[in-house]
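Enquirer: below is the sequence, then the predicted model.
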Amino acid sequence: MGTFSANKRAEYLSKMTEQVYDVLVIGGGITGAGIALDAQSRGLQTALVEMQDFAGGTSSRSTKLVHGGLRYLKQLEVKVVAEVGKERAIVYENGPHVTTPEWMLLPLYEGGTFGKISTAIGLRIYDFLAGVKKSERRRMLSIQETLGKEPLLKQQGLKGGGYYVEYRTDDARLTIEVLKEAVKHGTLAVNYAKVEQFIYEKEQLVSAEVIDQLSGMTYRIRARSIINAAGPWVDTLREKDHSKQGKTLHLSKGVHLVFSQERFPLQQSVYFDTPDGRMVFAIPRDNKTYVGTTDTNYQGDMLNPRFTKEDMSYILHAANDMFPSLKLKDADVESSWTGLRPLIHQEGKNPSEISRKDEIFVSKSGLISIAGGKLTGYRKMAETVVNLVADKLSAGGHAPISKCMTKQMPISGGDVGGATHYANFIRDRVSAGRKLGLSEKEAEQLVRRYGSNIDQVYLLMEKHFSDAGASGLPVSLLASLLYSIDQEMTVLPVDFFIRRTGALFFDINFVKEWKDSVVAYMAKHFSWTSEQALSRMEELNLLLTDAVHAVNN
């Protein structure tokens, strides 16, 4: 069983140089994490490197839905709907603590994208294609029933609604839990480790030179198969491999804005038409409401995409059009996130029309690149890629490699007795948290975040009860921080406040309240110099500012 501690990053990188791996995965987003788990669980020795934090790119900045892709039905991508629909049920069953069924309301208006009859037929086809279970099959609603579900909706022109199930997820935690499961099976994975160059023998790719972004040390990692799962950076690596030809990436930017429930008291998730004919989501979560997404061409800084004043006014206009009593303004935006979709370029199509299908490119040197695709389809994409690797290794004389094992494999934290027993699991572990002095709300938040790993967090609470006071942190926060450092490779304060907890998006005031104490604790824990502590605090402060301030177009 592998370990995944931030304290041992240098040790892991050093260890990666000591053998020839079957698979080296470049990219620690959901696609790379899924590939690592699939490969390692089949017995292939796998290493993974990520140049920022795990889920630092697209995989922490999605709409946070594992969805069945109703919009693809509109584009007649029937196969995508069928596969994605069945896949989301597997994602849910394997990790009910990070993925939750969420009833979605589709209000129908005169002149809207969806008519009443076409929606009824469409949702029925969707149920059939996606293999939707009986309890979650769609219903059509009258005008009164639609307004009963969400009274804030615009009444003018309302004809009724469709009611169907999507699945809400925490994308970054889903990525981390998949990666932790891969590590448990024996994968070595390290964040802040950037591939600087590829090394070849007889024109075949044999290793990658990796630079630790924290220490500056260089490591050479050898592998029989190297997989480029770098999301928006897939083409950057193809350029390093001199194989960027044929199909290329088309980056599209997606912005989401977060509001307090006081200002936007949405009680029901809604998928609605925008005035320009697109569709966006408004979703209540953790006492907030978030709205998105935009879909615009992007060519700027890939590491830190920002939302513009135009993005903000687009989302505010769409929200105010559908929920006219709110009269939302710029000042009501409490937080936001901006992500990039690495789509495959299709000539003459705007971002919203481009297919979300994934594609695999194999270069002459043997570099395997995967691009496009959806969060929902990560497990299936991984299976396809690893099948390709298995065929290549078998042809080269490798011992027989088993078929994909991940369909019925709970991810880390997912050992909760399956989706049917999850509610009982929550009740039981919340009750254990109450005995440790947590409030019902605090205990439930932790149990939902950590799933079956919650007992490790509770043990840390018991162990550090006495020294929590000295750190200036509540014991539950200290235990979460220590767990995330030792079991989730949290290296920097931003890793903890964004990817491990989602707090910067959904509880920005919590970040402002505890950032000083968390940075001070991490500085002591990792023996940072005062300059390092200051620069890590500045990085966090900058992201807090960026979350609410739009840039000029």
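Expert: Happy to help now that I have it.
Enquirer: contacts made by the helix or strand containing A533 with the rest, please.
Expert: Counting by DSSP states H and E, the element that carries A533 is helix 530-546. Residues outside helix 530-546 that contact it (C-beta atoms under 8 Å, 6 or more residues apart in numbering) are 304, 306, 492-494, 497-498, 504, 508, 511-512, 515-516, 519-520, 522-523, 528. C-beta: built from backbone N, CA, C; applies to glycine.
Enquirer: and that helix, what's buried?
Expert: Buried residues in helix 530-546, counted by 16 or more other C-beta atoms under 10 Å: 533, 536-537, 540, 543-544, 546.
Enquirer: repeat that for stretch 433-440.
Expert: Under 16+ other C-beta under 10 Å, the buried positions of stretch 433-440 are 433, 436, 438.
Enquirer: check the gap between the residue nearest to G413 when sequence neighbours are not counted and P101 for me.
Expert: Sequence neighbours aside, G451 is the residue nearest to G413 in space, at 3.1 Å (criterion: C-beta to C-beta, 6 or more residues apart in numbering). Going from G451 to P101 by C-beta to C-beta, to the nearest Å gives 16 Å.
Enquirer: more crowded one of those two?
Expert: Comparing G451 with P101 by other C-beta atoms under 10 Å, the one with more neighbours is G451, at 24 against 18.
Enquirer: am I right that the more buried one is in a strand?
Expert: No - using DSSP: H, G, I helix; E, B strand; the rest coil, the assignment for G451 is helix, not a strand.
Enquirer: so who does it touch?
Expert: The contact partners of G451, taken as C-beta under 8 Å, 6+ apart, are 95-98, 177, 412-416.
Enquirer: ok, now with 6 Å
Expert: By C-beta atoms under 6 Å, 6 or more residues apart in numbering, the contact list for G451 reads 97, 413-414, 416.
Enquirer: now for the residues you listed: which two are most distant?
Expert: Farthest apart among the contacts of G451 by C-beta to C-beta are G413 and V416. That separation is 7.9 Å.
Enquirer: give me the common contacts of those two.
Expert: Common neighbours of G413 and V416 (criterion: C-beta under 6 Å, 6+ apart): 451-452.
Enquirer: low-confidence ranges in the stretch 351-500 of the chain?
Expert: For the stretch 351-500 of the chain, the stretches with pLDDT under 70 are 351-356.
Enquirer: need the helices for it, in chain order.
Expert: In the stretch 351-500 of the chain, the segments counted as helices under DSSP state H, counting those that start in this stretch are 378-395, 422-435, 440-450, 454-463, 468-471, 475-487, 493-494.
Enquirer: by contact count, what packs against the third one?
Expert: Other elements packing on helix 440-450 under the criterion 3 or more C-beta pairs under 6 Å, 6 or more residues apart in numbering; DSSP states H and E are helix 422-435.
Enquirer: list the buried residues of the helix it packs on.
Expert: Across helix 422-435, burial judged by 16+ other C-beta under 10 Å covers 422, 425-426, 429-430, 433.
Enquirer: stretch 456-470 too?
Expert: By neighbour count with 16+ other C-beta under 10 Å, stretch 456-470 contains the buried residues 456-458, 460-461, 464, 468.
Enquirer: over to stretch 359-378?
Expert: 360-361, 363, 365-378.
Enquirer: same check, this time on stretch 154-171
Expert: Neighbour counts over stretch 154-171 (16+ other C-beta under 10 Å) mark 154, 158-171 as buried.
Enquirer: from those residues, pick the one nearest T46.
Expert: D171 (22.0 Å).
Enquirer: quick one, what contacts that closest one?
Expert: D171 makes contact with 59-60, 62, 64, 375, according to C-beta under 6 Å, 6+ apart.
Enquirer: of those residues, which belong to strands?
Expert: Using DSSP state E, no member of these falls in strands.
Enquirer: export those residues as CSV, with columns for distance to Y314.
Expert: Converted to CSV, the contacts of D171 look like this (distance: C-beta to C-beta, whole Å):
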residue, distance to Y314
S59, 24
S60, 22
S62, 18
K64, 19
L375, 23
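Enquirer: where does confidence bottom out across those residues?
Expert: Taken together, those show their lowest pLDDT at L375, with 86.
Enquirer: follow-up on the earlier one: for E310, find the nearest of the helices of the stretch 351-500 of the chain.
Expert: Checking those against E310 by C-beta to C-beta gives helix 493-494 as the closest, at 26.4 Å.
Enquirer: packing partners for that closest one?
Expert: So helix 493-494, by 3+ C-beta pairs under 6 Å, 6+ apart, packs with helix 530-546.
Enquirer: can you give me the helices in the stretch 1-150 of the chain?
Expert: With helices called from DSSP H, counting those that start in this stretch, the stretch 1-150 of the chain shows them at 9-16, 30-41, 70-74, 78-94, 116-129, 143-149.
Enquirer: buried set for the fourth one?
Expert: Translated: helix 78-94. For helix 78-94, by 16+ other C-beta under 10 Å, it's 80-85, 87-94.
Enquirer: what sits against E209?
Expert: Applying C-beta under 6 Å, 6+ apart to E209 gives the contacts 196-197, 220.
Enquirer: so it bridges to which residues?
Expert: When bridges are called by DSSP bridges, E209 pairs up with Q197, R220.
Enquirer: for the remainder of this discussion, apply numbering that starts at 621.
Expert: Happy to do that; since the first residue is 621 now, the last one works out to E829.
Enquirer: give me the below-cutoff pLDDT ranges for this protein.
Expert: Scanning the chain for pLDDT under 70 picks out 621-622, 688-698, 966-976.
Enquirer: what residue lies at the spatial centre of it?
Expert: D791 (2.4 Å; C-alpha atoms, centre = their mean).
Enquirer: residues making contact with the helix or strand harbouring K1144?
Expert: Per DSSP H and E, K1144 falls inside helix 1128-1146. In this structure, residues lying in contact with helix 1128-1146 by C-beta under 6 Å, 6+ apart are 954-955, 1091-1093, 1113, 1117, 1123-1124, 1153, 1157, 1160.
Enquirer: beta-bridge partners for L963, please?
Expert: Counting by DSSP bridges, L963 forms beta bridges with H870.
Enquirer: neighbours of it, how many?
Expert: When neighbours are defined as other C-beta under 10 Å, L963 has 21 of them.
Enquirer: thought it was touching K867?
Expert: No - using C-beta atoms under 6 Å as the test, L963 is too far from K867 to be in contact (10.5 Å).
Enquirer: related to what we said a few turns ago, which of the buried residues of stretch 774-791 lies closest to E730?
Expert: Nearest to E730, judged by C-beta to C-beta, of the buried residues of stretch 774-791 is K779 at 6.4 Å.
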